[in-house]
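Chemist: just coords:
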């Protein structure tokens, strides 16, 4: 008896990646780009090579986004929380990263937050996400599928917003950007009720 005809694959415990294309207009993208280029930034340990960030431990948070765009990001976070089934969150930090050709976003997670995200201002490559399953069993001879791959590279484009769980490891130490002036606005959001996390 052939049992494969009755077999069904169910994707248990999927990881939600929230994607909104054209989250900002081209005019808004250019305005954000110009605002960022006027702000000083410093090297950051999350990146290697010629790359800087406004995310550093000392100093005030840099203001380079309009309040209306921040509110739209917050609304997207609320929609994600509702669909994901997690606590409501509030943005607690926004920063930008600028990478030059040959730099890399190192593998990392965002601690002390529930949700994280990225708004692509000047990028045409991708973001690598790592499989959170600690028992991934790929070998060079296995067929790579959505269920056993160690990481996946998600293609990104300008004006696109991504939201994902802060515990999801992203970046890849050995994948370097092939463009100059790769600019991404990133953010973290924490539960509005700390006991609900």
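Modeler: Everything's here; your move. As the structure is a prediction and not an experimental result, all values here were calculated from the model.
Chemist: Who are the contact partners of residue 183?
Modeler: 33, 36, 96, 97, 98, 99, 121, 122, 123 (CB atoms under 8 Å, 6 or more residues apart in numbering). In short, each C-beta sits where N, CA and C put it, glycine included.
Chemist: Residue 187: which of these is nearest?
Modeler: residue 96 (9.9 Å; CB to CB).
Chemist: From the contact counts, what lies against the top helix by length along the chain?
Modeler: Using DSSP state H, we find that the single longest helix of the chain is helix 67-84. Packing partners of helix 67-84 (3 or more CB pairs under 8 Å, 6 or more residues apart in numbering; DSSP states H and E): strand 18-20, strand 89-99, strand 115-122, strand 161-165.
Chemist: Now do the last one: distance to the chain's middle.
Modeler: In this case it means strand 161-165. 5 Å (CA atoms, centre = their mean, to the nearest Å).
Chemist: ditto for the shortest one
Modeler: When distances are taken as CA atoms, centre = their mean, strand 18-20 is centred 10 Å away from the chain's centroid.
Chemist: Now do the next helix or strand after it: everything it contacts.
Modeler: Next along the chain after strand 18-20, taking DSSP states H and E as the criterion, comes helix 26-37. By CB under 8 Å, 6+ apart, the residues outside helix 26-37 that reach it are 24, 54, 64-66, 69, 96, 98, 119, 121-122, 158-159, 183, 185.
Chemist: and if you look at stretch 134-154?
Modeler: Contacts of stretch 134-154 (CB under 8 Å, 6+ apart): 9, 11, 17, 126, 127, 128, 129, 130, 131, 162, 172, 175.
Chemist: Point out where the chain drops to low pLDDT.
Modeler: In the predicted model, the chain carries pLDDT under 70 at residues 1-4, 56-62, 138-141, 193-197.
Chemist: Could you rerun that using 50?
Modeler: By pLDDT under 50, the low-scoring segments of the chain are 197.
Chemist: ok so, going back, buried residues in the longest helix of the chain?
Modeler: 69, 72, 73, 76, 77, 80, 81, 84 (16 or more other CB atoms under 10 Å).
Chemist: And for stretch 97-117?
Modeler: 97-99, 103-107, 110, 113-117.
Chemist: Please tabulate those in CSV, including the columns distance to residue 145.
Modeler: As requested, these are arranged in CSV below (distance: CB to CB, whole Å):
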residue, distance to residue 145
97, 31
98, 35
99, 31
103, 31
104, 26
105, 25
106, 27
107, 22
110, 27
113, 30
114, 29
115, 27
116, 26
117, 27
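Chemist: now the longest helix of the chain against strand 89-99, angle please.
Modeler: 120 degrees (axes from the mean of the first three to the mean of the last three CA atoms, to 10 degrees).
Chemist: can you name the two of the buried residues of stretch 97-117 that are farthest apart?
Modeler: 103 and 114 (28.1 Å).
Chemist: Can you tell me how far residue 21 is from residue 45?
Modeler: 31 Å (CB to CB, to the nearest Å).
Chemist: Next, residue 124: secondary structure please.
Modeler: coil (DSSP: H, G, I helix; E, B strand; the rest coil).
Chemist: what's the spacing between it and residue 177?
Modeler: Separation of residue 124 from residue 177 (CB to CB) stands at 10 Å.
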